[in-house]
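# Sequence first, then the predicted structure, then my questions.
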Amino acid sequence: MPANENDRDLGELIDLQIRTQGPMSIATFMGLALTHPAKGYYRRADPLGAGGDFITAPEISQMFGELIGFFLVNLWQQMDEPKAFTLLELGPGRGTLLADMLRVACRAPGFRDGLDLRLFETNPALIAAQNARLEPYEPKWITDFDKIGEGPLLVIANEFFDALPIRQFMRASDGWHERVIGHIEGKRAFGISPTPIPADAMPQAVQDAGEGEIFEIGIAGGEVMNRLCQQVGKLGGAILIIDYGYARTQTGETLQAVRHHTYADPLENPGETDLSAHVDFEALATVARRKGLAVQPLATQADFLKRLGLAERAKALSTANPDSAADIAVAVKRLTAPDQMGELFKVLCAASPGLAPQGFGR
């Protein structure tokens, strides 16, 4: 038996907690698996790219970040080109998205001079990569959302909210029960709490759920959104969220695990496997409206990028780099095709009243 906690792997620590304290919520499990101070998934090596567990849109093509750079400049201009403003990215990966965005945005006179770049990141390996790539922009790292910076605030969150812990509830004959993780024959397994939760405690959208259906609540995501909206409400600005999820609050089990680009058992190898769940965009939009922000009509990633000029940018790149034309076409397909990222990924923008963010239908 390991002598102390530092010698145990994360699975052992989780099992010990279950044995001594009883079954844990899925939110607790996800929190430990992803962000344990020493052994959490996002505290370990770089999870991105072909050698990691997943690839994000900025790693697919520079066009993704370049178009968002144009989007940011347009918002900055609508805000009368403030002399000081904060740009914050949540979970910036290797800094690829910011590098592509800022390469474009900083061409606008005055944008670079007023920029205060902030990053919210916990992975030491990724922080090092971000610093190497973004050093010319003098980035600063933050650990909370209450002391962000001066001036208007522009927030980018690409594939961030899907990684925040969720809670799951299952409908039984006597009401809803929280789904928990415990032990069956010594192995981690899903179960439900014996204590029922009244049906009227759940959102109206799931009141008619049938027995056995599962409802997920992104409490952590709602809290992050609430705090960001407070800041934007006070300072002015906008929040842009790009992630996979559903437009309306609904039932359905979406918790998933990915390891080396392959789906895995979410209960196995905690700390070594990426865990995520679909984002409830309606819930996030509700938070923003309650804080007084204007929410744009939800867009699919495909529609958002096309409205920002993806086809035109792809044509220009292909003309300038004929040998890369085929790869550029493949990237466009990956970003926009209905059977790839185009429809599953959606784009939400909440902004100060009076701003008109580009890329959204009316």
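Good, I have the coordinates. None of these values were measured; they are calculated from a predicted model.

# First-to-last residue distance for stretch 163-175?
End-to-end distance of stretch 163-175 (C-alpha to C-alpha, to the nearest Å): 28 Å.

# outside of it, which residues touch it?
For stretch 163-175, contacts defined as C-beta atoms under 8 Å, 6 or more residues apart in numbering pick out 25-28, 30-31, 34, 42, 91, 176-179, 192, 196-199, 202, 209-221, 224, 251, 253, 255, 274-277. C-beta coordinates here come from the backbone N, C-alpha and C atoms, glycine included.

# Am I right that residue 268 sits in a strand?
No: the assignment for residue 268 is coil, going by DSSP: H, G, I helix; E, B strand; the rest coil, so no strand is present there.

# how about it, what does it touch?
Contacts of residue 268 (C-beta under 8 Å, 6+ apart): 188, 257.

# which residue sits closest to residue 35, ignoring its sequence neighbours?
residue 42 (5.7 Å; C-beta to C-beta, 6 or more residues apart in numbering).

# ignore the last one, residue 309
Per C-beta to C-beta, 6+ apart, closest to residue 309 is residue 67, 6.5 Å.

# So which bits of stretch 282-297 are buried?
282, 283, 284, 285, 286, 287, 288, 291, 293, 294, 295, 296 (16 or more other C-beta atoms under 10 Å).

# is it fair to say residue 39 lies in a helix?
No: under three-state DSSP, residue 39 sits outside any helix and is assigned coil.

# Neighbours of it, how many?
By other C-beta atoms under 10 Å, the residues close to residue 39 number 22.

# How about residue 302?
With other C-beta under 10 Å as criterion, residue 302 counts 22.

# Quick check: which element contains it?
helix 301-307 (DSSP states H and E).

# counting contacts, what elements does that helix pack onto?
helix 62-78, helix 325-336, strand 345-351 (3 or more C-beta pairs under 8 Å, 6 or more residues apart in numbering; DSSP states H and E).

# what's the following helix or strand after it?
Per DSSP H and E, the first helix or strand lying C-terminal to helix 301-307 is helix 310-320.

# Could I get the CA-only coordinates of that next one as CSV?
C-alpha atoms of helix 310-320 as CSV (Å, rounded to 0.1, in the frame of the first residue of the first chain):
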residue,chain,number,x,y,z
LEU,A,310,-14.9,31.6,-44.3
ALA,A,311,-15.4,30.9,-48.0
GLU,A,312,-13.7,34.1,-49.0
ARG,A,313,-10.7,33.5,-46.6
ALA,A,314,-10.3,30.0,-47.8
LYS,A,315,-10.2,31.1,-51.5
ALA,A,316,-7.6,33.8,-50.7
LEU,A,317,-5.4,31.3,-48.9
SER,A,318,-5.7,28.7,-51.6
THR,A,319,-4.8,31.3,-54.3
ALA,A,320,-1.8,32.4,-52.3
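
# buried stuff in that helix?
Across helix 310-320, burial judged by 16+ other C-beta under 10 Å covers 310, 313, 314, 317, 318.

# For the residues you listed, give me JSON lines that also has distance to residue 85.
As requested, those are arranged in JSON lines below (distance: C-beta to C-beta, whole Å):
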{"residue": "310", "distance to residue 85": "26"}
{"residue": "313", "distance to residue 85": "25"}
{"residue": "314", "distance to residue 85": "30"}
{"residue": "317", "distance to residue 85": "29"}
{"residue": "318", "distance to residue 85": "34"}
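
# Any buried residues in the helix holding residue 302, and which?
301, 302, 303, 304, 305, 306, 307.

# Name the nearest residue to the second one, sequence neighbours excluded.
Looking back up the chat, that one is residue 302. residue 342 (3.4 Å).

# again, but for the last one
Nearest-residue entry for residue 307: residue 359, 4.6 Å, with adjacent residues in sequence omitted and distances by C-beta to C-beta, 6+ apart.

# need the next SSE after the helix or strand hosting residue 191, C-terminal direction.
With elements taken from DSSP H and E, the one containing residue 191 is strand 187-192. Next along the chain after strand 187-192, taking DSSP H and E as the criterion, comes strand 214-217.
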